[in-house]
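> Have a look at this prediction, sequence included:
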Amino acid sequence: MAWLDKDLYVFASGELKYKNMVTISMNKVYFKNPAYLGEVIEIYGALSKIRRSSVTTKGRAIAVDPETEERRTIIECEITYVAVNKDGKPQGVFKNLL
């Protein structure tokens, strides 16, 4: 989950061109399969909702067996980030994207 949180933050900040955000919630977290030692974990993200000061992303972690190339989803989730100013207060920076 920590990898998803960090990677989706990097993805969202790159898409929105804004880097001062904090995680406000993780929802719809589904642990679908275990990951095993030696597997490669791929993380994918998409923006699902943009609001005045927050953005919700959908994320998926996929385990890949490097020998067989078998792929399976291990985690799916939604993570919401809030844009904050230098004082840590929510800031409406995404209103021009609505």
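Yep, that arrived.

> where along this structure do the strands fall?
For the chain, the strands defined by DSSP state E cover 21-31, 40-50, 54-64, 71-83.

> Let me have those in JSON lines, adding distance to Lys95 as columns.
C-beta here means a position set from N, CA and C on the backbone, and glycine is covered the same way. Formatted as JSON lines, those follow (distance: least, C-beta to C-beta, whole Å):
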{"stretch": "strand 21-31", "distance to Lys95": "15"}
{"stretch": "strand 40-50", "distance to Lys95": "9"}
{"stretch": "strand 54-64", "distance to Lys95": "11"}
{"stretch": "strand 71-83", "distance to Lys95": "10"}
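
> Mind checking the ones you listed for the one nearest to Trp3?
Trp3 sits nearest to strand 40-50 of all those, at 6.1 Å, using C-beta to C-beta.

> Packing partners of that closest one?
Under the contact criterion of 3 or more C-beta pairs under 8 Å, 6 or more residues apart in numbering; DSSP states H and E, strand 40-50 touches helix 2-16, strand 54-64, strand 71-83.

> Dump the ones you listed to CSV, plus mean pLDDT.
CSV is the format used below for the helices and strands packed on strand 40-50 (pLDDT from 0 to 100):
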stretch, mean pLDDT
helix 2-16, 95
strand 54-64, 97
strand 71-83, 97
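
> In TSV, list those along with mean neighbour count.
What follows is the helices and strands packed on strand 40-50, written out as TSV (neighbours: other C-beta atoms under 10 Å):
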stretch	mean neighbour count
helix 2-16	16
strand 54-64	20
strand 71-83	18
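
> returning to that earlier point: which of the strands of the chain sits closest to Leu97?
Closest approach to Leu97 among the strands of the chain is made by strand 40-50 (5.2 Å; C-beta to C-beta).

> circling back: just put the helices and strands packed on strand 40-50 in JSON lines and tack on distance to Gln91.
Below are the helices and strands packed on strand 40-50 laid out as JSON lines (distance: least, C-beta to C-beta, whole Å):
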{"stretch": "helix 2-16", "distance to Gln91": "12"}
{"stretch": "strand 54-64", "distance to Gln91": "10"}
{"stretch": "strand 71-83", "distance to Gln91": "5"}
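
> I appreciate the help and will end here.
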